[in-house]
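Enquirer: Below is the structure, and that's it, no one-letter string:
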Ligand code: NDP
């Protein structure tokens, strides 16, 4: 299809699977991450920390200069820094909020202007089911991901008349570096998944691919949970 697609946090995990899927479809994928690592076949790779809004603006400008207006923006970069709220430091709180929420806003702001001018585009945030189910030890992460929903739904209304859609994919428990060190808590969470298995990055990439496709052209402001039923509760 050869669309200009930007994926943040494309160096590994869910972001790498998303980038790979667009590459396989023939799109020109620009991969952003701190390390600058990216799946083979990306059209361009830029090392950028999404917490730095000037660096984000510069990276997006470079990408647009090379490939034209952004057609699909997948805002996926994220971190966790868990701890019970009573013992959570200011740094732990800010670390997660600044990457997962501030960084997401900086990326969306930088990428959406070219979409609005071109009168087409799709912005997809990678959220989480955390704010919907509540996860002890993840007050910072759940707050950031809840913030993404408000951000996405407000942006959706701001750009709807320009045929730009804005949606959130909320994964459940997915097998990546982020969940590797959960230890026993992982087994406990697994037992809460009605489908009885942990998700794979490709399970999320498929949903993102759908939202970026013409089949989803009338969907905006939506939050799609891809979680094997985890958020259904008991
Ligand atoms: P990983 O830890 O495997 O990968 C995180 C990615 O984000 C890496 O590419 C990393 O790149 C990038 N990144 C982190 N901080 C920054 C930053 N400041 N600037 C630029 N890039 C950054 O995580 P996952 O693949 O598991 O998670 C991807 C997204 O999915 C996140 O938003 C996460 O919250 C969300 N999610 C994950 C779930 C899971 O179970 N795994 C469940 C629900 C949501 P590098 O290190 O190279 O900078």
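Expert: That came through, no problem. A quick note: this is a predicted structure, and the numbers were derived from the prediction, not measured.

Enquirer: All the helices of this structure, in order from the start?
Expert: All helices of the chain, identified by DSSP state H, fall at 13-24, 53-67, 90-97, 103-118, 130-133, 139-159, 177-180, 184-190, 201-211.

Enquirer: looking at these, which is buried most?
Expert: Stretch with highest mean neighbour count among these: helix 13-24 (a mean of 24; mean count of other CB atoms under 10 Å). To be clear about C-beta, it is placed using only N, CA and C from the backbone, and glycine gets the same treatment.

Enquirer: which strands and helices sit next to the lengthiest strand in the chain?
Expert: Looking across the chain with DSSP state E, the single longest strand is strand 164-171. Packing partners of strand 164-171 (3 or more CB pairs under 8 Å, 6 or more residues apart in numbering; DSSP states H and E): helix 103-118, strand 121-126, helix 139-159, helix 201-211, strand 223-226.

Enquirer: Save the helices of the chain as JSON lines, and put in distance to the ligand too.
Expert: Shown next, in JSON lines, are the helices of the chain (distance: least, CB to the nearest ligand atom, whole Å):
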{"stretch": "helix 13-24", "distance to the ligand": "2"}
{"stretch": "helix 53-67", "distance to the ligand": "9"}
{"stretch": "helix 90-97", "distance to the ligand": "9"}
{"stretch": "helix 103-118", "distance to the ligand": "6"}
{"stretch": "helix 130-133", "distance to the ligand": "7"}
{"stretch": "helix 139-159", "distance to the ligand": "7"}
{"stretch": "helix 177-180", "distance to the ligand": "3"}
{"stretch": "helix 184-190", "distance to the ligand": "9"}
{"stretch": "helix 201-211", "distance to the ligand": "6"}
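
Enquirer: Take these and write them to TSV, including mean pLDDT and distance to residue 45.
Expert: TSV is the format used below for the helices of the chain (pLDDT from 0 to 100; distance: least, CB to CB, whole Å):
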stretch	mean pLDDT	distance to residue 45
helix 13-24	98	10
helix 53-67	98	10
helix 90-97	98	24
helix 103-118	98	16
helix 130-133	96	29
helix 139-159	98	25
helix 177-180	93	19
helix 184-190	81	31
helix 201-211	98	18
